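Peer 1: Sequence below, structure please.
(2 chains)
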Amino acid sequence: MPIAVVLILLVVGSLVFHFLSPWTFTPIASNWGMIDTTVDITFVVTGIVFVAINLFMAYAIIRYRHREGLTAKYEPENKKLEVWLTVLTTIGVAAMLTPGLFVWAKFVTVPAGATEIEVVGQQWRWSYRLPGRDGEFGSVDAKLIDPENPFGIDPGDPNGRDDVLIDDAIVHIPLGEPVRFWLRSKDVLHNFTVAQFRVKMDLVPGMVSYMWLEPTKVGEYEVLCEELCGIAHHAMRGRVIVDEPEDYQAWVDSQSTFAEIQARPPGDAALGAASYAVCAACHGAQGEGQLALNAPKLSGQDSRYLKKQLRNYKLGIRGTHEEDVYGRQMQPMAATLVNDAMIDNVVAYILSLPDTPAPATISGDIVHGAKLYVLCANCHGKDGQGIQMNAPRQAGMSDWYLLSQLKNFKQGVRGEHPYDLHGKQMGFMARTLHDEQAMRDVIAYINTL
Amino acid sequence: MAYVAIADRDHDIEHHDPTTFITKYIWSQDHKVIAIQYSITAIFVGLVALVLSGMMRLQLGFPDSFSFITPNNYYQFITMHGMIMVIFLLTALFLGGFGNYLIPLMIGARDMVFPYMNMLSYWVYLVSVIVLLTSFFVPGGPTGAGWTLYPPQAILPGTPGTDWGIVLMLGSLALFIVAFTMGGLNYVTTILQARARGMTMMRLPLSLWGIFMATVLGLLAFPALFVSAVMMMLDKALGTSFFMPAIVSMGEQLDYDGGSPILFQHLFWFFGHPEVYIVALPAFGLVSDLLSTHARKNIFGYRMMVWAILAIGGLSFVVWAHHMYVSGMNPYFGFFFATTTLIIAVPTAIKVYNWVLTLWQGNIHLTVPMLFAIAFIFTFTHGGLTGIFLGNVVVDLPLSDTYFVVAHFHMVMGVSPILVVFGSIYHWYPKITGRMLNETLGKVHFWGTLLGTYAIYLPMHYLGFLGVPRRYYAMGNTEFMPESAFVLNQSITISALIVAGFQLIFLYNLISSLRNGEKAGPNPWRATTLEWQTPDTPPKHGNWGHTLPEVHRWAYDYSVPGYPDDFIPQNVPADPSIPAYDQGSHGPDHGTSS
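Peer 2: Numbers count the residues shown, from 1 in each chain, chains lettered A, B, ... in the order given. Predicted coordinates for the structure are as follows:
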């Protein structure tokens, strides 16, 4: 008997939960409202079946529970009833499937004239490519991918010259226009998902997949990877910004094409030397860093990382958090580099400085640190030298700085800016180090590399 | 030589009587001992997987609070939890455990037709389990590729356990498949060849129909997993490119070229979807017998139930790509696979109706096995209906790879089959051991398990609607996730830990009842099927004493009007004065009883 009551309570409870739950579909921001409608139809049909079957079962238990003198009815079959139930079920199933297939037909057919965007995935970051003025993507080959050509574009293909490259996890799309996403991966499976858009698709290395949608609300949306892609799967975040079409066009125009990037002159160290005078005050004439001034070693650091951080400081993506005292000092300094050429020059100068390993100031349990470093090694390399297309060098750099940055990442002082998605990734990773001792242990291990 | 049925040459067949302790309990060829060996091993490894799930839940409910759960460990835990539960617990327990125990007893045979191979099957299975568990102790630990082991990630850096873990996982699967094939050929052959006189196929208890069809599915589906394991092993060890296209991994150009990751997914799910039914069909069968016995009523629509099992089994081979709607395969496949998937809902729904209609106008004894059977109908209905969401290709778009999927498959192929396992253990334990399990403890176990699991999985669906992805070590700050969703995650974790705690009561009951349980007679539930009619309880080697039983009726003669008892065992001779069902012209089988 209690089981019948509990069944009824579970049914009622499930309904109440369903209608009162604050956890429902995240508000939609694309044209795929039809998907939500199909879900609603499915909810109604399955909900009726769920309630009917379980209440009938509860009633049967109450009515036919064992009592003295009760005998079961001997009824092996009831053809009529079985046929009726089969027919009704088939109708219910068809009622759910049919609208579903119509919507699917829309999903597989991309409207002509859709804006084309290619999403490129790698462990663990997003980047994007637009076809440029000619509307054609240049051909790509995984074999051509290297730090100078992270998209693997064939330099001989004229279609690729004007391809717009966005080597960053943030992309813009125009409001109210169909957008076709071409999806490509350099390494493993990924999945491009924006909860508010409803649709998603895997990125598969060796092939190109696609999906399309039409954004219906201006705003910024978080991109999540939803196909397991390794230990930083959960930290592979990106951002889609839906703009009014004119804002979108302005954004596209401000980006660089493949040809422009290729033609950009390498940084001029001689010119950079002059700009570096400002840096030298704190970071030292040789870029060796000075603990007393809280300025880390710069020489020998990965040039992409240095450029990215300088730009982040300039744009206020880094060094704006209240508690980031030393980061805030960097902001006005970075602002003295008024354009990308100046950044390239100063970084070229830093690269020309002698790279002597910074002195070790932190000690800890190296054995424990080695275990912890397994996680870091994925991006920063087994020897801590950094991986050019991935994460900066750690070994031989200022260890006290690593500690202060790990603390900043962990506490959200660095990496919380919505546009600092790689910083956010480090936030996830820093939080796996449970206390300062763990940080010291892992840094002590890095000092041995 | 003319063919003579095994049942007709009983006395010409040697029965390998065990003589020593070792041949009786260790290198035993007796199906009952092998069944117990299989069951104990499966339950043990299942407990390991249960502990792993507890650790995952700790991380999800209370992220960054436990220093021993790193992202590496977390992904290793989910991988091992999934693979163990699906393959090494459920498949092994239903077929190696229940299949082994029940097949010869229910068909009235003395043993499996290939007892030696049956023994080998268990020992190879044990080796596969040991190989799998060894991966916890090798450098780098077990693989963390997710239970689906999708390449390229499964064998590339960035995933834990790519040195040894993945090799041991693939090796262990290959061994398991060898073990399963030896066992499976045996189960199928035994059911087809060794049935007692009068035991026609349409008189088989539904338990055996479920186990039979599941085994057939396994024999056809596991080879796809086997070849994919071999091919991935070659990709890993010899650098072939079956599943590996040109790749730049962590800044480094690899030597692979031209392979297809999607090919692996097709092979995997060609196995993986039937695998769902390899677990579900035995549960369908067993629960049918529990319901009928404890409701004292014939199973409703026996023939329809058999046809539904066959239809589901057949259809299960043409729905696999519904796991791949968002895999990047040609999206036009979606039309076909959504249609086949939703068609499979029809025979499945018929089974649910017939279970409920078996209760209708019954005489329902709310014993512990019956409680579990009723709970199964509830959870399976729930899990089956959410399957319609995911099978309908567009609805899958927002829900795929979210917690909705996790909630769905745990309801339908985790909780539901496990409830049947529990119900079946409470039901058959008296036959296996001669003693009853403690009923009070059984009820406590039941309520904790049912209510606890529902508190885990019902809310989990709603995390899926929000868009919370599965296989995330931590959500961190995710803009669309309200604070309340984190609280919900904590509540799910607490429920999971409570449910795990309730399983200790079950284990205690299993062990203590061996000694202290109330003595059971040969047929405590007053059931009709042959295993309850053995001369000894527990049945001795050879099961039937001097003569094999003869079958005269179907398995569901409960509450037959005009008969003094409310059940007529299958081996009770036909009585012209009783209008028994399968002797009539409308019966499922005209009977060939002699």
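Peer 1: show me what contacts the one residue in the stretch 451-594 of chain B that gets nearest to chain A?
Peer 2: Residue of the stretch 451-594 of chain B nearest chain A, by CB to the nearest CB: B:Gly467 (3.0 Å). Bear in mind the C-beta positions are built from the backbone N, C-alpha and C, glycine included. B:Gly467 makes contact with A:25-26, A:193, A:195, A:224, B:398, B:402, B:480 under the criterion CB atoms under 8 Å, 6 or more residues apart in numbering or on different chains.
Peer 1: For it, give me the pLDDT.
Peer 2: Looking at B:Gly467, its pLDDT is 94.
Peer 1: again, but for the one 10 residues further on
Peer 2: The per-residue pLDDT reported for B:Asn477 equals 89.
Peer 1: Are we agreed that it is in a helix?
Peer 2: No. The assignment for B:Asn477, made by DSSP: H, G, I helix; E, B strand; the rest coil, is coil rather than a helix.
Peer 1: Determine the number of other residues adjacent to A:Leu310.
Peer 2: 23 (other CB atoms under 10 Å in any protein chain shown).
Peer 1: Flag every buried residue along the helix or strand that contains it.
Peer 2: According to DSSP states H and E, A:Leu310 maps onto helix A:303-315. The neighbour-count check on helix A:303-315 (16 or more other CB atoms under 10 Å in any protein chain shown) flags A:303-314 as buried.
Peer 1: so what secondary structure elements neighbour whichever helix or strand comes after it?
Peer 2: Once the chain leaves helix A:303-315, the next helix or strand it forms, by DSSP H and E, is helix A:325-335. Packed against helix A:325-335 by the contact rule (3 or more CB pairs under 8 Å, 6 or more residues apart in numbering or on different chains; DSSP states H and E) you find helix A:303-315.
Peer 1: now the helix it packs on and helix A:325-335, what's the angle there?
Peer 2: Our comparison of helix A:303-315 with helix A:325-335, counting by axes from the mean of the first three to the mean of the last three CA atoms, to 10 degrees, yields an angle of 90 degrees.
Peer 1: Briefly note if helix A:303-315 comes near chain B.
Peer 2: No. Using CB under 8 Å from any CB of the partner chain, helix A:303-315 never reaches chain B; the gap is at least 11.4 Å.
Peer 1: Buried residues, stretch A:4-11. List them.
Peer 2: A:4, A:6-8, A:10-11.
Peer 1: what about B:Asp289, how many residues close to it?
Peer 2: 28.
Peer 1: same check, this time on the one 5 residues further on
Peer 2: Here the neighbour count serves as a burial measure; for B:His294 (other CB under 10 Å) it reads 28.
Peer 1: List the contacts of it.
Peer 2: B:364-367, B:369-370, B:373, B:525.
Peer 1: contacting residues around residue 208?
Peer 2: The chain I'm using is chain A. Listed by CB under 8 Å, 6+ apart, the contact set of A:Val208 reads A:182-184.
Peer 1: I was after chain B.
Peer 2: B:102-103, B:106-107, B:191, B:285 are the contacts of B:Leu208 under CB under 8 Å, 6+ apart.
Peer 1: So it versus B:Val188, what's the distance?
Peer 2: 11 Å (CB to CB, to the nearest Å).
Peer 1: And for A:Asn339?
Peer 2: With distances taken as CB to CB, A:Asn339 is found 76 Å from B:Val188.
Peer 1: quick one, which of those two is more surrounded?
Peer 2: The neighbour count for A:Asn339 versus B:Val188, taken as other CB under 10 Å, is higher for B:Val188 (19 against 9).
Peer 1: That one reaches B:Val216, doesn't it?
Peer 2: Yes. The pair B:Val188 / B:Val216 is scored as a contact, 6.2 Å apart, by CB atoms under 8 Å.
Peer 1: roughly how far apart are the spatially closest residue to B:Phe136 that is not a sequence neighbour and A:Gly113?
Peer 2: Leaving out its chain neighbours, the residue that sits closest to B:Phe136 by CB to CB, 6 or more residues apart in numbering or on different chains is B:Pro142, at 5.7 Å. Using CB to CB, we find B:Pro142 at a distance of 50 Å from A:Gly113.
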